[in-house]
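Participant: no letters, just coordinates:
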């Protein structure tokens, strides 16, 4: 079984913002996937796709990490950077749609 989380390149926000979309990061992501492309890739690799859904990330550990980073920035660089990070986090939460896929090997 394989579980995959990747930015949803076919989401509304990517279409609206284009290359300015926060998760369009060619320097970090070699490939960007739509649900159709991810399904095709998994099928070609011999997996049977059980589920692919587009969703907002829902990860409490991610939230804890962002809070820790915000506290660190505040400590070293003051309130202004912490506020910028918090606003950036809100922007990421609104526009950061991901694909979540579950598949099993045939």
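Facilitator: Structure received. Computed from a prediction, not measured in an experiment: that's the story for all the values here. Numbering: from 1, shown residues only.
Participant: tell me the mean pLDDT for stretch 15-22?
Facilitator: For stretch 15-22, mean pLDDT is 89.
Participant: buried residues of that stretch, list them for me.
Facilitator: Within stretch 15-22, the residues that count as buried by 16 or more other Cβ atoms under 10 Å are residue 21. Backbone N, C-alpha and C define where each C-beta goes, glycine included.
Participant: might you report the residue contacts of residue 102?
Facilitator: The neighbours of residue 102, taking Cβ atoms under 8 Å, 6 or more residues apart in numbering as the test, are 1-3, 49-52.
Participant: show me the residues you listed that map onto strands.
Facilitator: By the criterion of DSSP state E, membership of the contacts of residue 102 in strands covers 2-3, 49-52.
Participant: now the buried members of those residues.
Facilitator: Buried among those (16+ other Cβ under 10 Å): 49, 52.
Participant: give me the lowest-pLDDT entry from the ones in strands among the contacts of residue 102.
Facilitator: Lowest confidence among the ones in strands among the contacts of residue 102: residue 3, with 91.
Participant: where's that one relative to residue 33, distance?
Facilitator: 14 Å (Cβ to Cβ, to the nearest Å).
Participant: so how far is stretch 92-106 from its chain's centroid?
Facilitator: Its chain's average C-alpha position is 8 Å from that of stretch 92-106, according to Cα atoms, centre = their mean, to the nearest Å.
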